[in-house]
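Undergrad: Model the following, please.
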Amino acid sequence: ILAPMAGVTDLPFRLLCKEQGAGLLCMEMISAKALQYKNKNTKALLAIHPEEYPVSLQLFGSDPKIMSEMAKQIEDGPYDIIDINMGCPFPLLTMRHKGSGILPYPSEVKVLLNELAHYPEMKFSVKMRLGWEYYDEWRQVLPLLNAVPLTRIILHPRIGRQQYKGMVYKKELRLFAEMCQHPLVYNGDLHTPDDIRRIEEEYPDLDGVMIGRGLLANPALAMEYREGIVLPREELYAKVNVFHNRLFYHYESYLQGGTQLLSKIKPYWEYLLPDMDKKLKKAILKASHVDKYLEAVGIALMSKNIL
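TA: Modelled structure (predicted):
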């Protein structure tokens, strides 16, 4: 499953990941409040392509009424699943009891889940952390989730305060898996096919895995896992070259000016090919004009520069 990533899992990125073997595609998280106010940028994020199916739309918010109204608004939309975000770790959201910030407040979780029960024909999932501040906050939340119909729970076994650093709480993950009455999907620190297989061996009852930054680093990861291979570096770099060029020319077709284009495409390189020569990657990230950027990318992906 492709994880929802703000500013990343837009339509062209999702389609490219689908081509490389990803299963369920999760769209960028959508603010329920922004959807209510018909925000122009939010509306653009709702677009999907027939080749994407199955597709999951992720909603975040803390106001149960607004979440319920927006679920009703998209009830007849082309989305297979509506995912409720209880995992985002960013303080700007968590301080408002959104994302993982809602986990210390099981009474708020219960009210939110009660609203979603008004839509029995819709399929819902929940993506969550173990907690926001403490690793055992999930223990008061999971019984509430078990009591409602969900297609799956996706768990990143860290707390929100950690963001993406520090240890994964494997003991809590095991307890969560034992107590969870829904299909459980693992998310977090999956960067190689061996990482995926190791998790599957440790937790054989998992319903699947969700990958975010691992697919940003290596867009061919899902394909490598499915086919049981690891691409030679030269072949991987060639794939990344094609992947990048298709993304670049798609964004170029509708973004206005080089500044907008570079501000959209350069952040991918914060994660893409982490083993790339640091000087070559720095040249990509420092490029301030499109021609210099493309030159830097071309040099970095040349076969003679692949270590």
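
Undergrad: got the contact list for the residue nearest to A71 when sequence neighbours are not counted?
TA: Once flanking residues are discounted, A71 sits nearest to Y119: 5.6 Å by Cβ to Cβ, 6 or more residues apart in numbering. Any C-beta I mention is one placed from the backbone N, CA and C, and that applies to glycine too. Shown in contact with Y119 (Cβ atoms under 8 Å, 6 or more residues apart in numbering): A71, K72, E75.

Undergrad: So among the residues you listed, which ones count as buried?
TA: For the contacts of Y119, a burial check counting by 16 or more other Cβ atoms under 10 Å picks out A71.

Undergrad: Just put the contacts of Y119 in JSON lines and tack on distance to Y53.
TA: Shown next, in JSON lines, are the contacts of Y119 (distance: Cβ to Cβ, whole Å):
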{"residue": "A71", "distance to Y53": "20"}
{"residue": "K72", "distance to Y53": "22"}
{"residue": "E75", "distance to Y53": "17"}
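
Undergrad: Of the contacts of Y119, just say which sits nearest to A300.
TA: A71 (43.9 Å; Cβ to Cβ).

Undergrad: What are the buried residues along the strand or helix carrying the closest one?
TA: Under the criterion of DSSP states H and E, A71 resides in helix 64-73. Within helix 64-73, the residues that count as buried by 16+ other Cβ under 10 Å are P64, I66, M67, S68, M70, A71.

Undergrad: hmm, who's touching that helix?
TA: Contacts of helix 64-73 (Cβ under 8 Å, 6+ apart): 32-33, 35-36, 59, 61, 82, 84, 108, 111-112, 114-116, 118-119, 122.

Undergrad: ok, 6 Å please
TA: A32, K33, L35, Q36, G61, V111, L112, E115, Y119 (Cβ atoms under 6 Å, 6 or more residues apart in numbering).

Undergrad: Out of these, which end up buried?
TA: Buried among the contacts of helix 64-73 (16+ other Cβ under 10 Å): A32, K33, L35, Q36, G61, V111, L112, E115.

Undergrad: my hunch is that the third one is in a helix, does that hold up?
TA: Yes: counting by DSSP: H, G, I helix; E, B strand; the rest coil, L35 is found in a helix.

Undergrad: do you know how far it is from Y254?
TA: As judged by Cβ to Cβ, to the nearest Å, L35 and Y254 stand 22 Å apart.

Undergrad: Could you do the first one as well?
TA: For A32, the distance to Y254 equals 26 Å [Cβ to Cβ].

Undergrad: where exactly do the strands run in the stretch 201-307 of the chain?
TA: 208-210 (DSSP state E, counting those that start in this stretch).

Undergrad: what about it, any weak spots by pLDDT?
TA: Low-confidence segments of the stretch 201-307 of the chain (pLDDT under 70): 303-307.

Undergrad: Helices of that one, start to end?
TA: 213-217, 221-227, 233-252, 257-265, 278-286, 290-300 (DSSP state H, counting those that start in this stretch).

Undergrad: Of the ones you listed, flag the one that's most buried.
TA: helix 213-217 (a mean of 22; mean count of other Cβ atoms under 10 Å).

Undergrad: what does it contact?
TA: C17, L190, H191, L221, Y271, P274.

Undergrad: among the residues you listed, which ones are buried?
TA: The buried subset of the contacts of helix 213-217 (16+ other Cβ under 10 Å) comprises C17, L190, H191, L221, Y271.

Undergrad: how about these, which pair is most distant?
TA: It's C17 and H191 that sit farthest apart of the buried ones among the contacts of helix 213-217, by Cβ to Cβ, at 15.2 Å.

Undergrad: For stretch 176-183, which outside residues touch it?
TA: Contacting residues not belonging to stretch 176-183 are listed as L142, N146, L150, R152, I153, L184, Y203, D207 [Cβ under 6 Å, 6+ apart].

Undergrad: Now that stretch: buried residues?
TA: F176, A177, C180, H182.

Undergrad: Out of these, flag the one nearest to L11.
TA: H182 (28.7 Å).

Undergrad: part of a strand, is that closest one?
TA: No: read with three-state DSSP, H182 is coil and lies in no strand.

Undergrad: Need the pLDDT of it.
TA: H182 is assigned 98 on the pLDDT scale.

Undergrad: Could you pull up phi and psi at it?
TA: Reported as degrees, to the nearest 10, the phi and psi values for H182 are phi -110, psi 160.
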